[in-house]
Every structure is written in structure tokens, then in C-alpha cells.
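1. Show me how the following folds:
(2 chains)
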Amino acid sequence: QKEVEQDPGPLSVPEGAIVSLNCTYSNSAFQYFMWYRQYSRKGPELLMYTYSSGNKEDGRFTAQVDKSSKYISLFIRDSQPSDSATYLCAMSAGGYNKLIFGAGTRLAVHP
Amino acid sequence: DTAVSQTPKYLVTQMGNDKSIKCEQNLGHDTMYWYKQDSKKFLKIMFSYNNKELIINETVPNRFSPKSPDKAHLNLHINSLELGDSAVYFCASSQPGQVMNTEAFFGQGTRLTVV
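-> As a prediction, this is how the structure comes out:
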């Protein structure tokens, strides 16, 4: 079993839709949870970061962490074609512990 | 003003060759990484250096040898290249803090194709 599981998609939605992306994990030591966005042929860039359980909102993006269920989510409201990218969840126990990535979910938002 | 830069961006080479990828960061970070991303987009850490010291060394063939001449540079040398080494290699950097060392800034990647 992988430490972090993420449905690779692809996910195709119409513009304006609400998108839900999810990851599950097995390591209860993880405390830091991130979502990275990767456009085609580019490096990943940090989109959202959450420490421990709870919600965090940034514009159209909301990140949720449920440590009891070992489940994290990223919601995108009013999705735009420019949101079309691969979204990777990542998590770490902190300090110098390595960042573990999910497989990434490819999202396509069509006009 | 590029934060993490890698060269070359593309690398096509024959099996058995030796090649190097260079990485430089101008963010003043202490920690640098090499990640490998396979064709299915799975991103996996290979090495991590903190202030020129190796701190993470994943199960990677010893044909891969990282080298950090200073904390702003982390190079990756690959000997005897194999077909299975074809992937995109990303360099990244981050700054250790009191609580976390997790936000990594990535370079644009080096697409290695072994033929």
C-alpha cells in the first residue's frame, strides 16, 4: 500500500463547476498537508498548505484535512479553463522528513 | 528572475552514457532536493541535502550520485544510463524552519530520454 493514494483521473468538468480532489494516507505522523499545481511541462508550484486538521480558504480554493479519517481534500469553486493542470497532494511529518507526493490528478476544465 | 533553475531542460542520450544535470537556487535556502517524476506523473524524492550535507538518500541505484559544491547548487550525475532512467528530474529547494521544512520550490524540470 502506498503511503499516499490519489486518484489520477483524468477529471473533466465544465467551466464554473465545483471540483473536488482528494487524497488518503496511511502514516499518522503526517502533520503538514499541501496541494501543488503542475501545468504541463512545468515544475509543481505550491497552491495550498495546511497544518494538522481543519480548513483553509484562499480565493476560489479550499483545503480540508481530516486527520481522524486520514483524508484531505481540495475544492475549487467556479473552476476556470486556466485551472486545467495536474494537482498533486503532498504531506510530511515535518522537520527534515521527506515530502511524500500523491500520484496527481489531471484536471481539465472546458469552456 | 528564476528562483530554482536547472540545466539542461531537455537531454536525449544513448544507453550506457554518463550525464549530469545542474541545479542552482537563488532563494537563499539551506535544503535542496532531487525528485524523479515518471511517465505517470508520480513524483518521488531521490536525495536531499541540507547545507551541503546529505540528509535523505532514498533507494536509488548507485549510478546516481548527487553533489553539492555549496548550498546554492545541487548537481546530479548519472552513470551508465539505462532506458528506465527516462523521466523528468526536478530540483527543488526549501528553507528549514522551527516547525516545518516542507514548502518546496521546484525548478522547471529536466526531461531525460534514454534511447
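2. From now on I want contacts and neighbour counts done on CA atoms only, so please keep to that.
-> Noted.
3. thinking residue A:15 is in contact with residue A:77, fair?
-> No. Using Cα atoms under 8 Å, residue A:15 makes no contact with residue A:77, being 9.9 Å away.
4. Name the residues of the worst-scoring helix or strand of chain B on mean pLDDT that are buried.
-> The helix or strand of chain B with the poorest confidence is strand B:53-57; it has a mean of 86 (mean pLDDT, DSSP states H and E). Using 16 or more other Cα atoms under 10 Å in any protein chain shown as the test for burial, strand B:53-57 gives B:54, B:55, B:56.
5. Nearest residue to residue A:51 in space, please, no chain neighbours.
-> residue A:32 (4.7 Å; Cα to Cα, 6 or more residues apart in numbering or on different chains).
6. dump the residue contacts of that neighbour.
-> A:49, A:50, A:51, A:52, A:91, A:92, A:93, A:94, B:100, B:102 (Cα atoms under 8 Å, 6 or more residues apart in numbering or on different chains).
7. Show me where chain A has its strands.
-> A:4-6, A:11-14, A:19-25, A:32-38, A:45-51, A:54-58, A:61-66, A:71-76, A:85-92, A:100-101, A:105-110 (DSSP state E).
8. out of the ones you listed, deepest packed?
-> Mean neighbour count (mean count of other Cα atoms under 10 Å in any protein chain shown) peaks for strand A:85-92 among those, with a mean of 25.
9. Direction-wise, compare it with strand A:105-110 and give the angle.
-> Relative orientation of strand A:85-92 versus strand A:105-110 (axes from the mean of the first three to the mean of the last three Cα atoms, to 10 degrees): 150 degrees.
10. Mind giving me the packing neighbours of strand A:85-92?
-> Applying 3 or more Cα pairs under 8 Å, 6 or more residues apart in numbering or on different chains; DSSP states H and E, we find strand A:85-92 packed against strand A:32-38, strand A:100-101, strand A:105-110.
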